[in-house]
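Q: the following comprises the amino acid sequence and a computationally predicted model.
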Amino acid sequence: MRTKLVAGNWKQHGSLATNIDLLAAVREGAAGLKAEMAVCVPYPYLAQARSVLDGGRVAWGAQDVSEHLQGAYTGEVGAAMLVDFDVRYVIVGHSERRACYGDTDAVVAAKFDAARQAGLTPILCVGETLAEREAGITGKVVTRQLDAVIARCGAAALADAVVAYEPVWAIGTGKTATLLQAQEVHALIRARIVTDDRTVGEELRILYGGSVKPGNAAELFSQPDIDGGLIGGAALVAADFLAICAAC
Ligand code: 13P
């Protein structure tokens, strides 16, 4: 039985001063909820997230990780450094990193590998652009993104991971995939993993991300292969994030 997970992706938002209220409200509001919950904050706020969330029901995570263990890689943050801050989840392969920072499928697979080896739970993001959807190659793109990770780590590695399907055209646009569109790709992702490892595929949590709001969360999360959400904008408002968590 898959437990639902809702993870917030704060992206490059927040400040020491404003995070306090958001983190405290999320911690407090999460106490009565059933879903697993996490917030992925910018690196400098991991210590703050830990200090506010420790002992509560909300885990904390990072939004990226270096593919290297350590070394002369200016600006990078290694998986072991995240472990120092009791991080549980780390997003890898977000479309913003793929598009703006050149994270190729191979780099994403290496980051996934580095995260797992350190004992972190990677949240592997996959998804197609609008042009790719219109060209009818959504399945091909998502499968290629998954296959890069499977080729490097094996399908069994997904037992300790989460996949997030985020259609790029639905991120921050207010445009959500229809229930049918989302369910169809989630089922395809699960089927791809089941082909290699039935148990891992059936147990894999696949989150939907892209303009999830309190108003559309419940119907999305009721789809058979949607196991929760990866939430951007709405994760910056405690009441909205908690309402989405409650929709699980
Ligand atoms: P929005 O919820 O703002 O569309 O962002 C989704 C996202 O990119 C989460 O990783």
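A: Yep, that arrived. Numbers count the residues shown, from 1 in each chain.

Q: residue numbers of the protein in contact with the ligand?
A: 9, 94, 166, 171-172, 209-212, 230-234 (Cβ under 6 Å from any ligand atom). C-beta: built from backbone N, CA, C; applies to glycine.

Q: at the geometric centre of the chain, which residue sits there?
A: Residue closest to the mean C-alpha point of the chain, counted by Cα atoms, centre = their mean, is Ile123 at 4.2 Å.

Q: verify the stated contact: that one with Val6.
A: No: counting by Cβ atoms under 8 Å, Val6 is not a contact partner of Ile123; they are 11.5 Å apart.

Q: which stretches of this structure have low pLDDT?
A: Applying pLDDT under 70 to the chain flags no residue at all.

Q: residues contacting whichever residue of it sits closest to the ligand?
A: Per Cβ to the nearest ligand atom, the residue of the chain with the smallest distance to the ligand is Gly232, at 2.2 Å. Gly232 sits next to 8-9, 11, 171-172, 209, 211 when contact means Cβ atoms under 8 Å, 6 or more residues apart in numbering.

Q: roughly how far does it sit from Met81?
A: For Gly232, the distance to Met81 equals 24 Å [Cβ to Cβ, to the nearest Å].

Q: ok so, going back, what's the overlap in contacts for Ile123 and Val6?
A: Leu207.

Q: quick one, strands of this structure?
A: 5-9, 36-40, 58-62, 89-92, 121-126, 162-165, 205-209, 228-231 (DSSP state E).

Q: which residues does the last one contact?
A: Under the contact criterion Cβ under 8 Å, 6+ apart, strand 228-231 has outside partners 4-9, 35-36, 91, 123, 125, 164, 166, 205, 207-209, 212, 217, 220-221, 241, 244, 248.

Q: buried ones among those?
A: 4-9, 35-36, 91, 123, 125, 164, 166, 205, 207-209, 212, 217, 220-221, 241, 244, 248 (16 or more other Cβ atoms under 10 Å).

Q: my guess is Val58 meets Arg27, correct?
A: Yes: contact criterion Cβ under 8 Å: Val58 and Arg27 qualify, at 5.8 Å.

Q: quick one, what contacts the residue nearest to Val52 when sequence neighbours are not counted?
A: Nearest non-adjacent residue to Val52, counting by Cβ to Cβ, 6 or more residues apart in numbering: Leu23, 4.0 Å away. Neighbour list for Leu23: 39, 48-49, 52-53 [criterion: Cβ under 8 Å, 6+ apart].

Q: what's the most distant pair in these?
A: Val39 and Gln48 (11.0 Å; Cβ to Cβ).

Q: more crowded one of the two?
A: Val39 (29 against 17; other Cβ atoms under 10 Å).

Q: the closest residue to that one other than its chain neighbours pairs with what?
A: Nearest non-adjacent residue to Val39, counting by Cβ to Cβ, 6+ apart: Gly8, 4.2 Å away. On the basis of DSSP bridges, Gly8 is bridged to Val39, Ile231.

Q: cool, and Ile206?
A: On the basis of DSSP bridges, Ile206 is bridged to Val163.

Q: tell me if I'm right that it and Leu188 touch.
A: No: using Cβ under 8 Å as the test, Ile206 is too far from Leu188 to be in contact (10.0 Å).

Q: and these two? Which one has more around it.
A: Ile206 (25 against 17).

Q: any idea how far that one lies from Val77?
A: Distance from Ile206 to Val77, by Cβ to Cβ: 26 Å.

Q: same check, this time on Ser15
A: Ser15 is 19 Å from Val77, by Cβ to Cβ.

Q: centre of the chain versus the longest helix belonging to the chain, how much separation?
A: Scanning the chain for the helix with the most residues, using DSSP state H, yields helix 179-196. In terms of Cα atoms, centre = their mean, to the nearest Å, the centre of helix 179-196 is set 16 Å apart from its chain centre.
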